[in-house]
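Chemist: need a 3D model of the following:
(2 chains)
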Amino acid sequence: MTDVATTAVTGSQPEIAPRQRRHNVALWLSLGWLVLVIASAVLAPWLGFIDDPHKPLSGPPEEGPSWSNWFGTDQLGRDMFARSVWGGRLSLSIAGPAVGIGIVVGGVLGVVAGYFGRWIDLGVSSVVNVALALPALVFALFIVTMLGQSYINVTIAVTILTIPAIARIARAQALRFAAREFVTVADMMGARWPRLLFREVMPNVVPALASIAFLAMGIVIIAEGSLSFIGVSVGSPSITWGNILSSGKGRLEDAPHIALITGGVMFVTLMALNFVGDEMLRRLDVREARI
Amino acid sequence: MLRFFGTRLAQLALVVLAVTLLFYWMLNLLPGNPCVAAFGGAATEEQIAECEQDRNLDEPVIVQWAKWGGDVLTGDFGKSYLTGRSFGEALNTALPRTLLLLAYSQVLALGAAIPLGLWTGYRQNTVIDKIASGGAFALLSVPVFVLGLVLILVFAVRLDWFDLSGYQPISEGLGAHFRVMFLPSITLAAGLLPVYLRLLRTDVIGTLQEDFVGTARAKGLPVRHVLIRHVLRPSSFTLLTIFGIQAAQAVNGAIVVEFLFDLDGVGSLLVSWVAAREFLLVQTLVALIAAVFVTVTTMVDLLYSVLDPRIRRK
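Modeler: Reported below is the predicted structural model:
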């Protein structure tokens, strides 16, 4: 989970115009791709050109990309384009709520710890530090095994993983803003702590959390992908990017397109998420998100 | 100094106890009798009774945990009730493989990141810097299993340079060993490299602004000497910290890589026990991994304070 923080290492050098333009183009491309992926995932059941992902023999088995099967077909002749879209649908429907809950819980924990300091900070920070030192996948594996391989349980497992990393960044942001003049002034004008916390400090932490959400989304997608790749995510017949890749693993010799295209879709999606997150952090000048 | 170490070690012991207790307690949340589950549902009364006796199931959780801890400390890690194979036996074969995989990948990642980081920090915005930064960014977006699959396809399936037939120990010859271990190590290293590289580059850019670097250059020392002796040295703290944090990340990767390359290491052990629903073994293994990790992070922290005395005074 440390990647949430480390992907944000960006120096802030004085910008020159051409570079800024290139960044803008890349930003719009990334956002465009994300809109495309999210829209197709959400609308998959209603879009006519997306086949039934479970229907066998949509085309000849293990055929490469063609006009009728854009991403080719798998061992049973199921349409790979439909499977990629439906795989994304499940991955995103796990990552979305996980990151949403992670941002709210982690954000509140971090801001409260950073703002109040003392024993609250000590308590939150030590739990966060221990949690960050544990291998996240082992922990997720354990939770899913204990609770069972269902959508809800996988979502719970990956949500728990996002909280400590987000809490740490929120805490650093809160520390930074709690020391600023406008907070001191509000304090001296007699504002009480709920106002200071929710009206003065919190609004300044939100932009950083919004950019972190993109990075966290990428990490949750990888975490869920790893779980389903090793066969410990939502059970079959559910389709996830991870289990498509896992089944493509044995077919690398004869039908490499199964793994390559799905892996490519995943890669571009993750790159877009990371780029948007990085760019937002850079433009908002958030330094504390780095290790 | 001694007092500082004492406090940290006491903290460490406390955290290890808390973490193992947490994992132990979580198993007890499972509905049903873990001993019935341990035999895969096909056990005789006596077998279940023996298992319950072993695990002290009639006692409160905290007592069970304490007795389990005592057993682990004396080297009795339990066994699989399904196969009769002991935990220690399984770990004995699996652990060296995982440790070697982790060591190779760290060496590869640091070996590439240190020269690249120094050079790209020194020569910012050159072609090499742009390629390295772009590459690092792309690598951060590739999941381990996607990269591994692509490497297998290119180097093992198409070019047939490497072996995928399972682990070969060093005693089988270095050639055979590395034909098996090279691709997994590269796959794992590729995930660690960009993190080291980006951090080191940022660090180097900062250090190069310092007066002592100017002085060293003004004395006429060669660039290579200044970069290695004067610039890299202060960054070693950053590298050490990130190394501790990345260790946990590396184990996440190792689980996937071992699965992908059929290495039968600790990660594969964990996955296969999970699949076989050997909860008692999973629990012991997870608790041990957690304990090792908390220890490693604390050790890195302590090492940090040995290297930089200013930290001890805080």
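Chemist: quick check: phi and psi at the most centrally placed residue in chain B.
Modeler: The centre of chain B sits closest to B:V251, judged by C-alpha atoms, centre = their mean, with a distance of 3.5 Å. Backbone torsions for B:V251, taken as degrees, to the nearest 10, come to phi -70, psi -40.
Chemist: with adjacent residues omitted, what lies nearest to it?
Modeler: Distance criterion C-beta to C-beta, 6 or more residues apart in numbering or on different chains; nearest residue to B:V251, sequence neighbours excluded, is A:P135 at 3.9 Å. (Glycine included, C-beta is placed from N, CA and C.)
Chemist: shouldn't the one you found be in contact with B:N252?
Modeler: Yes - between A:P135 and B:N252 there is a contact at 5.2 Å, judged by C-beta atoms under 8 Å.
Chemist: near the residue nearest to A:V108 when sequence neighbours are not counted, how many other residues are there?
Modeler: Distances taken as C-beta to C-beta, 6+ apart put A:A170 closest to A:V108, at 7.9 Å, once the chain neighbours are dropped. For A:A170, the count of nearby residues is 27 (other C-beta atoms under 10 Å in any protein chain shown).
Chemist: ok, now A:M188?
Modeler: 8.
Chemist: what about it, distance to A:E181?
Modeler: 10 Å (C-beta to C-beta, to the nearest Å).
Chemist: where in chain A is the helix or strand with the lowest mean pLDDT?
Modeler: One helix or strand of chain A scores below all others by mean pLDDT, DSSP states H and E: helix A:3-6, with a mean of 42.
Chemist: find the nearest non-adjacent residue to A:S233, please.
Modeler: A:L227 (4.1 Å).
Chemist: can you tell me the element that neighbour falls in?
Modeler: helix A:202-229 (DSSP states H and E).
Chemist: got the buried residues for that helix?
Modeler: Residues of helix A:202-229 classed as buried: A:202, A:204-205, A:208-209, A:211-229 (neighbour count, 16 or more other C-beta atoms under 10 Å in any protein chain shown).
Chemist: write out the residues of the stretch 101-250 of chain A neighbouring chain B.
Modeler: Selection of the stretch 101-250 of chain A residues close to chain B by C-beta under 8 Å from any C-beta of the partner chain yields A:126, A:129-130, A:132-139, A:141-143, A:145-146, A:218, A:222, A:225-226, A:229-232, A:242, A:245-246, A:248-249.
Chemist: distance of the residue nearest to A:V108 from A:L284?
Modeler: Counting by C-beta to C-beta, the gap from A:A170 to A:L284 is 14 Å.
Chemist: now B:S141
Modeler: 21 Å.
Chemist: ok, B:F279 next?
Modeler: Taking C-beta to C-beta, one finds B:F279 at 45 Å from A:L284.
Chemist: same deal with A:I239?
Modeler: For A:I239, the distance to A:L284 - C-beta to C-beta - is 36 Å.
Chemist: mind checking which of those two has more residues around it?
Modeler: A:I239 (24 against 13).
Chemist: helix, strand or coil for A:D51?
Modeler: Following DSSP: H, G, I helix; E, B strand; the rest coil, A:D51 is assigned to coil.
Chemist: quick check: A:L196 touching A:T184?
Modeler: No - contact criterion C-beta under 8 Å: A:L196 and A:T184 do not qualify, at 9.7 Å.
Chemist: restricting to C-alpha, output whichever strand or helix holds A:G248 in CSV.
Modeler: Assessed by DSSP H and E, A:G248 sits inside helix A:241-249. Extracted in CSV, the C-alpha atoms of helix A:241-249 (Å, rounded to 0.1, in the frame of the first residue of the first chain):
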residue,chain,number,x,y,z
TRP,A,241,-9.4,-9.0,-14.9
GLY,A,242,-7.3,-11.1,-12.6
ASN,A,243,-9.0,-14.4,-13.3
ILE,A,244,-9.0,-13.8,-17.1
LEU,A,245,-5.3,-13.3,-16.8
SER,A,246,-5.0,-16.4,-14.7
SER,A,247,-6.8,-18.5,-17.3
GLY,A,248,-4.7,-16.9,-20.0
LYS,A,249,-1.5,-18.0,-18.2
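Chemist: max-length helix in chain A?
Modeler: Counting by DSSP state H, the longest helix found in chain A is helix A:80-116.
Chemist: where along the stretch 101-250 of chain B do the helices fall?
Modeler: For the stretch 101-250 of chain B, helices defined by DSSP state H, counting those that start in this stretch occupy the ranges B:127-140, B:144-151, B:174-208, B:211-218, B:223-225, B:232-261.
Chemist: what's the most buried one of those?
Modeler: Compared across the helices of the stretch 101-250 of chain B, helix B:144-151 shows the largest average neighbour count, a mean of 24 (mean count of other C-beta atoms under 10 Å in any protein chain shown).
Chemist: can you pull out the helices in the stretch 151-291 of chain A?
Modeler: Going by DSSP H, counting those that start in this stretch, the stretch 151-291 of chain A shows helices at A:151-178, A:181-188, A:193-195, A:202-229, A:241-249, A:256-284.
Chemist: what's the distance between B:Q47 and B:A276?
Modeler: 17 Å.
Chemist: got the residues of the stretch 201-314 of chain B near chain A?
Modeler: So far as C-beta under 8 Å from any C-beta goes, the stretch 201-314 of chain B lies against chain A at B:202, B:205, B:238, B:241-242, B:244-246, B:248-249, B:251-252, B:255-256, B:259-260, B:270-271, B:274-275, B:277, B:279, B:282-283, B:286, B:289-290, B:293-294, B:296-297.
Chemist: pLDDT weak spots in chain A?
Modeler: A:1-17, A:19, A:48-50, A:58, A:62, A:64, A:69, A:77, A:285-291 (pLDDT under 70).
Chemist: point to the residue nearest the middle of it.
Modeler: A:M217 (0.9 Å).
Chemist: what distance do you get for that residue to chain B?
Modeler: Separation of A:M217 from chain B (C-beta to the nearest C-beta, to the nearest Å) stands at 12 Å.
Chemist: and that residue, what does it touch?
Modeler: Counting by C-beta atoms under 8 Å, 6 or more residues apart in numbering or on different chains, A:M217 touches A:95-96, A:99, A:273.
Chemist: the residues you listed: which ones sit near chain B?
Modeler: Applying C-beta under 8 Å from any C-beta to the contacts of A:M217, those adjacent to chain B are A:L273.
Chemist: buried ones from the contacts of A:M217, can you make that a PyMOL selection?
Modeler: With 16+ other C-beta under 10 Å as the criterion, this PyMOL line picks the buried residues out of those:
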select buried, chain A and resi 95+96+99+273
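Chemist: closest to chain B among the contacts of A:M217?
Modeler: Distance to chain B across these (C-beta to the nearest C-beta) is lowest for A:L273, with 7.9 Å.
Chemist: measure how buried the nearest residue to B:W161 once chain neighbours are set aside is and give me the count.
Modeler: Spatially, and ignoring its direct neighbours in sequence, B:W161 is nearest to B:F155 (5.1 Å; C-beta to C-beta, 6+ apart). Using other C-beta under 10 Å, B:F155 is surrounded by 16 other residues.
Chemist: can you check B:A90 too?
Modeler: 21.
Chemist: from chain A, how far out is it?
Modeler: B:A90 is 16 Å from chain A, by C-beta to the nearest C-beta.
Chemist: thought B:L270 was touching that residue, still the case?
Modeler: No - taking contacts as C-beta under 8 Å, B:A90 lies outside contact range of B:L270: 10.5 Å.
Chemist: which residues touch B:L307?
Modeler: B:236-237, B:240.
Chemist: spit out the contact partners of A:I101.
Modeler: Counted by C-beta under 8 Å, 6+ apart, A:I101 has contacts A:159, A:162.
Chemist: and it, how far from A:R89?
Modeler: With C-beta to C-beta as the criterion, A:I101 and A:R89 are 19 Å apart.
Chemist: tell me the secondary structure for A:S66?
Modeler: With three-state DSSP as the criterion, A:S66 reads coil.
Chemist: quick one: it from A:D254, how far?
Modeler: A:S66 is 16 Å from A:D254, by C-beta to C-beta.
Chemist: try A:A216
Modeler: Going from A:A216 to A:D254 by C-beta to C-beta gives 37 Å.
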